[in-house]
Structure formats: C-alpha cells, structure tokens
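K.L.:
Build me a structure from this.
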Amino acid sequence: MNQLNSFADLALAEPLLRALGQAGLVTPTPIQAEAIPALLEGRDMLGIAQTGTGKTAAFGLPLLQQLSRRPEGLEPKSVRALILAPTRELAIQIDAELRKYGRFMGVRHALVYGGVGHTPQIRALEKGVDILVATPGRLLDHMQAGAVKLDRVTHLVLDEADRMLDMGFVRDVMKIVALLPVARQSLLFSATMPAEVAVLSRKILKDPMRVEVTPEVVTVERIDQRLYPVPTGEKRGFLVDLLADEKMQRVIVFTRTKHGADRVAQHLQKARIETLALHGNKSQGARQKALAGFKDGSLRVLVATDIAARGIDVADITHVVNFDLPDEPEAYVHRIGRTARAGREGIAYSLFDAGESARLKAIERLIRRPIPQVATHFKAQTPIARPAADTQRGELAGREGQPMQQKSKKNRWRNQQRRRAA
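P.N.:
Got it, this is the predicted structure:
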C-alpha cells in the first residue's frame with residue numbers, strides 16, 4: 001500500500017474533507033488508509049483493531065459518503081445504516097464522531113441505548129434515519145414495539161464484536177441480523193480474534209477484506225509496567241498510599257467486578273480522594289456524570305470495570321492501576337493502553353495477590369515479557385512463578401481448553417446482567 005499523506009488522497013467528498021479539516025484531522029491512520037478505499041468500493045470487511053486506532057472514521061467516512069447519495073426520501077421508521085455497539089458509552093462515542101464528520105452531509109442520525117426513556121428515541125426514529133447507532137438490547141425492544149423497521153438496511157457495522165460476545169449479546173445480534181436484507185454491505189470490527197468471533201464473521205460477512213492493525217506490542221513498549229505483590233485484603237489501603245503520589249494526575253483503577261468497583265470507590269472517597277465508580281449497574285445519568293468529571297479533571301480517579309471502560313476516550317490519562325488482574329490477558333493490554341494514546345508514554349501498576357498467578361502467567365505470555373516486580377513490605381506473598389519458554393512464544397494461556405476460559409453458570413448469569421444493563 002502506498003503511503004498516503006492526507007485524506008484528500010482517499011477520494012473522499014468535499015463536505016467530508018471540510019469537516020475533517022475543521023476537526024484538525026489531515027493525515028489518515030493506517031487502518032483508515034487501508035479500509036476507506038475498499039469500503040467505498042462496497043467490500044465487506046473484517047477489521048482487527050482496538051480503540052484508539054481510528055476505526056470509527058475508517059468505517060464512518062465511507063459510510064457517510066455512500067449515504068449522502070439518497071435517491072429518494074426516507075420511509076417512516078426505516079434505517080439505511082445500522083451500527084451495533086456493546087455499550088452505551090461506545091454507542092454515544094460513535095454517534096458523536098459520525099455527527100462531527102457528517103456535519104455538512106445532510107445525513108439524519110439516531111442513537112438508541114438502554115438506561116434512558118424510550119419515548120425520545122421512538123420520536124427520533126419516526127421519520128426514518130440514515131444512520132442508527134444502537135445497543136442490541138434496546139434495539140430489540142424498539143423492534144418488538146414496532147418503532148423501527150430494518151427491511152431497508154443497506155449497511156451493517158458490528159463494532160467490538162469480541163466484547164459483544166463476552167457480554168452475551170450473540171443471540172440478540174443474530175436475531176437482528178436475521179431481519180436484515182441479504183443484499184447489504186457488512187463490516188465487523190474486533191480488538192481480538194477468538195474462535196467465536198471468527199465463526200460470527202463467517203455468518204455475517206461475504207468475501208470480506210481483512211484489515212488488521214495490532215499496535216499492542218508497540219503500546220506495551222511505551223508503558224512503564226510495575227507489579228506490586230499485595231495480599232487481596234491489603235489492596236485498598238495500599239491503593240490509597242499509591243495515590244498519594246502527586247504525579248498520578250489522572251488515573252483509571254480497574255476491577256474485575258462491579259461490586260468490587262463500588263467497594264474500592266467507597267474506600268477512596270472515605271480517604272478523601274475524589275472518585276466515582278463506572279460500571280453496567282450504574283444509571284445512565286451516573287455514568288455520564290462520572291465520565292464528564294473524569295474528562296474535565298474534577299475527578300482525579302475513576303474506578304471502572306473492563307466493559308464500562310471500553311467507551312472511555314481520554315488522551316491524557318497518566319496512570320492505570322490494575323486493582324485486580326483481569327481474567328482475559330487481552331483485557332490487560334486494553335487497560336494499560338489507556339495511558340499511551342497519541343504517541344504518549346504511560347505508567348501501569350498492577351496489584352498482585354498470589355492467588356492470581358494463573359492470570360499473571362497468561363498476561364506475560366501475551367506481552368512476551370515479565371512484568372517488573374517492585375518490592376513491598378508484605379511478606380505473606382509466595383514467590384511469583386514465571387512462565388518459562390512459553391513467554392518467548394507469546395502463546396495465550398487458557399486458549400487450549402484451560403479451566404480459566406470455561407464458561408461457568410456464574411459467568412452466564414453475569415452475562416445476563418450485563419445485557420440488561422447495556
């Protein structure tokens with residue numbers, strides 16, 4: 001592929017170039033340079049890319065250009081392009097970006113997600129829309145109520161498919177896809193490519209072009225990673241001491257569970273550290289308040305679960321703290337990558353209990369290096385058993401039928417709760 005110096009080299013329409021110029025965007029990212037020409041030709045696409053690579057513009061710009069050519073008026077309750085996202089935050093972010101890029105295109109938008117009233121969304125859909133950004137659960141509610149019709153959809157985008165599957169949305173997605181016209185352009189984007197995503201892509205896409213942008217290793221190299229051995233019962237107190245460092249100016253603390261996020265946030269508040277928790281059980285108003293406070297700097301610390309954090313797009317996060325190590329090693333890369341946006345460097349601390357050894361091994365295999373350990377005063381920790389040759393190969397622990405990847409009844413119950421919250 002030839003090196004492209006500007007968006008003008010991509011055969012984009014003048015109104016799009018004008019909007020990009022006003023937004024200060026001149027040079028396309030690698031995924032944009034590769035994806036936009038193929039999408040303008042009508043190809044289906046499988047994109048492997050994480051948040052921060054510019055994938056929304058990669059699919060959004062050609063989509064806006066194609067939809068601006070509206071041969072006739074919109075049918076009531078109809079949709080021309082459907083974009084499915086796993087979380088409210090991501091749906092809001094996608095909608096905001098598309099409105100910014102399409103401000104001169106005359107394209108009609110609607111946004112649908114749970115946690116807020118149905119009526120304003122129903123009104124937005126009444127006259128038909130060119131682009132609908134939606135979470136699957138709320139979209140199904142509107143479909144069952146007859147508020148929206150999908151028989152005229154010409155474009156489908158499924159964003160963050162791996163997270164969609166993790167949240168238990170696969171059945172909802174397939175119900176929606178089954179009602180779409182067979183003749184359509186379909187795009188699927190995923191940060192990782194587990195077997196389940198490969199199966200889903202084969203069901204949805206036709207002869208897709210594969211575009212892969214994987215900056216994980218580069219991101220990891222830009223981040224100063226440190227491992228603190230701390231028993232689980234001591235982690236909250238240790239976190240308070242850690243946050244006394246004034247250099248930690250904007251921090252995300254990651255927990256594995258929603259209940260854990262609440263407990264950590266409450267402990268920090270008692271220690272007079274301004275913070276809020278962000279997870280799927282919070283109301284939409286509470287989630288937006290937490291995000292707004294974190295972005296404007298009134299909240300120095302945000303405590304979040306992995307799923308809720310997918311919609312956070314803040315460029316100047318100085319530190320990430322893994323209060324718990326994640327179950328999936330890929331989630332660790334996504335977490336710490338929050339500190340290394342737009343070429344910046346970052347710092348990631350992980351609080352490690354000896355019971356998390358399997359998770360640590362899986363993470364170190366994925367990033368192909370041990371995480372440097374920092375000595376603490378806690379003596380109860382057992383020595384950390386480092387993976388041997390597998391670390392150099394970068395193989396994922398748990399991929400070959402390991403117990404940590406099996407779906408238990410508890411996990412299925414959690415997925416149901418996530419679906420209701422989205």
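
K.L.:
Which helix or which strand is home to Met193?
P.N.:
Secondary structure assignment for Met193, by DSSP states H and E: no helix or strand.

K.L.:
List of residues touching the helix or strand encompassing Arg210?
P.N.:
Under the criterion of DSSP H and E, Arg210 resides in strand 209-212. Here strand 209-212 makes contact (Cβ atoms under 8 Å, 6 or more residues apart in numbering) with 31, 34-35, 38, 43-49, 58. For glycine as for every other residue, the C-beta is placed from the backbone atoms N, C-alpha and C.

K.L.:
Over to stretch 28-38?
P.N.:
So stretch 28-38 is contacted by 1, 4, 6-7, 10-12, 45, 47, 49, 53-55, 57-59, 61-62, 209, 211, 213 (Cβ under 8 Å, 6+ apart).

K.L.:
Would you mind writing the ChimeraX command to select the buried ones in the residues you listed?
P.N.:
Here is the ChimeraX command that selects the buried residues among the contacts of stretch 28-38 (16 or more other Cβ atoms under 10 Å):
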select :4,7,10,12,45,47,49,53,54,55,57,58,59,61,62,209,211,213
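
K.L.:
From the contacts of stretch 28-38, which land in strands?
P.N.:
Counting by DSSP state E, the contacts of stretch 28-38 place 45, 47, 209, 211 in strands.

K.L.:
okay, the first one: pLDDT?
P.N.:
The predicted local distance difference test score for Met45 is 97.

K.L.:
The one 10 residues further on too?
P.N.:
Note on Lys55: pLDDT of 91.

K.L.:
what's the nearest residue to it if we skip its chain neighbours?
P.N.:
Ala49 (4.6 Å; Cβ to Cβ, 6 or more residues apart in numbering).

K.L.:
quick one: contacts for that neighbour?
P.N.:
31, 55, 58, 189, 191, 211-214.

K.L.:
Give me the distance between it and Leu299.
P.N.:
29 Å (Cβ to Cβ, to the nearest Å).

K.L.:
got it, and Leu205?
P.N.:
Taking Cβ to Cβ, one finds Leu205 at 40 Å from Leu299.

K.L.:
re earlier: which neighbours does the strand holding Arg210 have in its sheet, and in what orientation?
P.N.:
Note on strand 209-212: by DSSP bridges, its sheet partners are strand 45-48 (parallel).

K.L.:
now the strands for the stretch 201-350 of the chain?
P.N.:
209-212, 223-229, 251-254, 275-278, 301-304, 319-322, 346-352 (DSSP state E, counting those that start in this stretch).

K.L.:
can I get those in TSV with mean pLDDT?
P.N.:
Formatted as TSV, these follow (pLDDT from 0 to 100):
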stretch	mean pLDDT
strand 209-212	92
strand 223-229	93
strand 251-254	95
strand 275-278	91
strand 301-304	94
strand 319-322	96
strand 346-352	93
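
K.L.:
Need these in a markdown table (columns: distance to Arg70).
P.N.:
Shown next, in a markdown table, are the strands of the stretch 201-350 of the chain (distance: least, Cβ to Cβ, whole Å):
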| stretch | distance to Arg70 |
| --- | --- |
| strand 209-212 | 26 |
| strand 223-229 | 45 |
| strand 251-254 | 41 |
| strand 275-278 | 38 |
| strand 301-304 | 40 |
| strand 319-322 | 44 |
| strand 346-352 | 44 |
